[in-house]
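*Asks:* Just the structure for this:
(2 chains)
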Amino acid sequence: MARRVPTSRKWLVTIAAWAIGFLIFFPILWTILTSFKTEAEAIASPPSFLFFDWTLDSYREVQSRSNYFLHFYNSVIISLGSTLLGLVIAIPAAWSMAFVPAKRTKDVLMWMLSTKMLPPVGVLIPIYLLFRDFGLLDSRFGLVIVLTLINLPIIVWMLFTYFREIPGEILEAARMDGATLWAEIVHVLTPMAVPGIASTLLLNVILAWNEAFWTLNLTAAKAAPLTAFIASYSSPEGLFYAKLSAASTMAIAPILILGWFSQKQLVRGLTFGAVK
Amino acid sequence: MSSKRPNQLFRNLNAKIASVPMILTAMVVFFGGTIWTIVYSFTNSKLLPREKWVGFDQYERLWNTNRWLISIENLLIYGILSMVFSLVIGFVLAALLDQKIRFENTFRSIMLYPYALSFIVTGLVWQWLLNPDLGIPKVVRALGWESFDFDPLYNADIVIYGILIAGLWQGTGLIMCLMLAGMRGIDEDIWKASRVDGIPAWKTYIFIVIPMMRPVFITTLVIIASGLVRVYDLVVAQTGGGPGIASEVPAKYVYDMMFLGQNLGQGFAASTMMLITVAIILIPWAYLEFGGKRRG
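*Replies:* Here you go, the predicted structure:
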């Protein structure tokens, strides 16, 4: 199916594309490099690209001032917890929408997705007050709940698009053999949809990992995830770029590594299943 | 197709029960929270919500506040420009990639990396890259272009463009991937036919490929629009709304009113305005796209 493209032009395009790719990647690379510099070198002019004294001082400094591992642990619990809870709620919903569509299924989906476009500040105060009354402020459990609610529409939508590709006859056959609804969803549908569920999982872990609005507003110290950790380095120490870079690198490294080893799921997930 | 299934009523009942948790949660949070916010926007709540009704006073004050007007203007500029640039740059990059370059998968992942980062990180990194004494402006000047003075973060007139650059950096890779997927979905025979007819490639793109990619464009527009909601994170990390109030956005206005200004009523009124705006844009679009012609 490939369109014929002359080899010389292909290389030209490849080089151009990679130049753009490098340009796009440069800010991330620069942050990582700067995290290994001293504060003086970080703001040196002209900046040194690779030839400087590599040092881990900034990392040591950051770790001594704030507990990276606590925030890392919080991020992991919150993003994984909210995604798994979301999947538990979303799988039955997506199942019903994909295999037993009603007249209004499409409308419900649209309406649900449209809530993603509403400004979250609109519901901040009600949720804040609820959290205060239930003692959920600055708790991991509270954040898990909020992030589940926030990302649920996306989880349902993505699972719906994956489920739709699974032939309904297979489920039908399982049903004929006497499978209960529970068995149908847990033992037949879910194993078949593993690639789709994996992409959904990855996307939502990333979204929850990066979520800043709710995590910054609903946590103080105990349950604060990595987004709050970086944010704390931005304001009072605005000028210490090496430390800021070290904190940023520590916060984004898990995502970069996770993304690199699951590129296929990453692309599928981030493009909401549009790219296979 | 569902009508031919056995146990119609029973299956549908199950289906309804299966989606109840989802609908319930969405209802309680978004519907409940939104109504609550709208109701209390007609009160003069200060530090805590209270039922002292003042009619449209909060709205009158809101539209007489300079900071709110600046916020609206910024969001408009950011919204329109980010839509135009994301679509154009995303499309051009996708067309470039559609030539089947080498190591395409790796390239695609790299382009998607910025999108996988938190807006907080993006904001901080670009705050630094655009810093006139440290970042790109300095490098450009050092390279000999002495009069280069694009210092968006310290110039109230153009600060919103500095935020736009960071926003584009974050989001364009995703748009590109979506567009590429759309292009790949187009039948190769169309390309062959247009080549046989001697139509230049750029014309084929504009007059044949783009119209065929309509669904992809709609998806990307929805994604860009939902990104506008998140511009709050970016502004907070990159400029904090400054210099002065030059880069304020509506979400930040709401937030500051509620938590710093201790003026809940004003914050509720502002967020109600935002909700109404979203509704005004969404409802006609949803109607056109899904209501008018019911496609299966």
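*Asks:* who touches A:Gln265 in this structure?
*Replies:* A:Pro195, A:Ala198, A:Ser199, A:Leu202 (C-beta atoms under 8 Å, 6 or more residues apart in numbering or on different chains). C-betas here are computed from N, CA, C, even on glycine.
*Asks:* out of those, who has the most neighbours?
*Replies:* A:Ser199 (26 neighbours; other C-beta atoms under 10 Å in any protein chain shown).
*Asks:* Please report how far that residue lies from A:Ile154.
*Replies:* 12 Å (C-beta to C-beta, to the nearest Å).
*Asks:* Also B:Gly242?
*Replies:* For B:Gly242, the distance to A:Ile154 - C-beta to C-beta - is 32 Å.
*Asks:* Equivalent analysis for A:Ile185, please.
*Replies:* In terms of C-beta to C-beta, A:Ile185 sits 20 Å off from A:Ile154.
*Asks:* what's the strand or helix carrying B:Leu168 packed up against?
*Replies:* B:Leu168 belongs to helix B:159-184 when elements are defined using DSSP states H and E. Counting contacts by 3 or more C-beta pairs under 8 Å, 6 or more residues apart in numbering or on different chains; DSSP states H and E, helix B:159-184 packs against helix A:7-34, helix A:263-270, helix B:66-97, helix B:104-112, helix B:119-129, helix B:214-229, helix B:231-238.
*Asks:* Find the residue closest to B:Met179 in space, skipping its chain neighbours.
*Replies:* Distance criterion C-beta to C-beta, 6 or more residues apart in numbering or on different chains; nearest residue to B:Met179, sequence neighbours excluded, is B:Ala94 at 3.7 Å.
*Asks:* Now the residue of the stretch 151-276 of chain A found nearest chain B: phi and psi?
*Replies:* Residue nearest to chain B within the stretch 151-276 of chain A: A:Asn210 (3.7 Å; C-beta to the nearest C-beta). With angles defined as degrees, to the nearest 10, A:Asn210 sits at phi -90, psi -10.
*Asks:* what's the average pLDDT for the one helix or strand B:Ile35 maps to?
*Replies:* Taking DSSP H and E as the criterion, B:Ile35 maps to helix B:33-40. Taken as a whole, helix B:33-40 carries a mean pLDDT of 84.
*Asks:* Please save the CA atoms from the helix or strand following that helix in CSV.
*Replies:* Using DSSP H and E, the next helix or strand after helix B:33-40 towards the C-terminus is helix B:57-63. Below are the C-alpha coordinates for helix B:57-63, written out as CSV (Å, rounded to 0.1, in the frame of the first residue of the first chain):
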residue,chain,number,x,y,z
ASP,B,57,-25.4,42.1,41.5
GLN,B,58,-22.4,39.7,41.3
TYR,B,59,-22.7,39.6,37.5
GLU,B,60,-22.9,43.4,37.2
ARG,B,61,-19.7,43.7,39.3
LEU,B,62,-18.1,41.0,37.3
TRP,B,63,-18.5,42.7,33.9
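*Asks:* Residue ranges in the stretch 151-296 of chain B under the pLDDT threshold?
*Replies:* Applying pLDDT under 70 to the stretch 151-296 of chain B flags residues B:286-296.
*Asks:* Name the nearest residue to the residue of the stretch 151-276 of chain A closest to chain B, ignoring sequence neighbours.
*Replies:* B:Ser118 is the one closest to A:Asn210 (C-beta to C-beta, 6+ apart), at 3.7 Å.
*Asks:* Check B:Asp157 too.
*Replies:* B:Ala246 (7.6 Å).
*Asks:* The one you found touches B:Ala156, doesn't it?
*Replies:* Yes: here B:Ala246 reaches B:Ala156: they are 3.6 Å apart, a contact under C-beta atoms under 8 Å.
*Asks:* okay, these two: which has more neighbours?
*Replies:* B:Ala246 (18 against 14).
*Asks:* Spell out which parts of the stretch 51-200 of chain A neighbour chain B.
*Replies:* For the stretch 51-200 of chain A, the residues in contact with chain B (C-beta under 8 Å from any C-beta of the partner chain) are A:89-90, A:92-93, A:95-97, A:99-102, A:106-108, A:110, A:112-127, A:129, A:148-149, A:152-153, A:156, A:168, A:172, A:181.
*Asks:* 7 Å - rerun?
*Replies:* Neighbours of chain B within the stretch 51-200 of chain A, by C-beta under 7 Å from any C-beta of the partner chain: A:89-90, A:92-93, A:95-97, A:100-102, A:106-107, A:110, A:112, A:114-127, A:149, A:152-153, A:156, A:181.
*Asks:* Give me the buried subset of these.
*Replies:* Listed as buried from these are A:89-90, A:92-93, A:95-97, A:100-101, A:110, A:112, A:114-127, A:149, A:152-153, A:156, A:181; burial here means 16 or more other C-beta atoms under 10 Å in any protein chain shown.
*Asks:* just checking, which of those residues belong to strands?
*Replies:* Cross-referencing these against strands under DSSP state E gives no overlap.
*Asks:* so how far is A:Leu152 from B:Ile120?
*Replies:* In terms of C-beta to C-beta, B:Ile120 sits 23 Å off from A:Leu152.
*Asks:* And the helices in the stretch 51-200 of chain A?
*Replies:* Assigned by DSSP state H, counting those that start in this stretch, the stretch 51-200 of chain A shows helices spanning A:57-65, A:68-99, A:105-114, A:124-134, A:140-163, A:168-176, A:181-183, A:190-192, A:194-210.
*Asks:* Which secondary structure elements does the second one sit against?
*Replies:* For helix A:68-99, the packing partners by 3 or more C-beta pairs under 7 Å, 6 or more residues apart in numbering or on different chains; DSSP states H and E come out as helix A:140-163, helix A:194-210, helix A:226-234, helix B:8-26.
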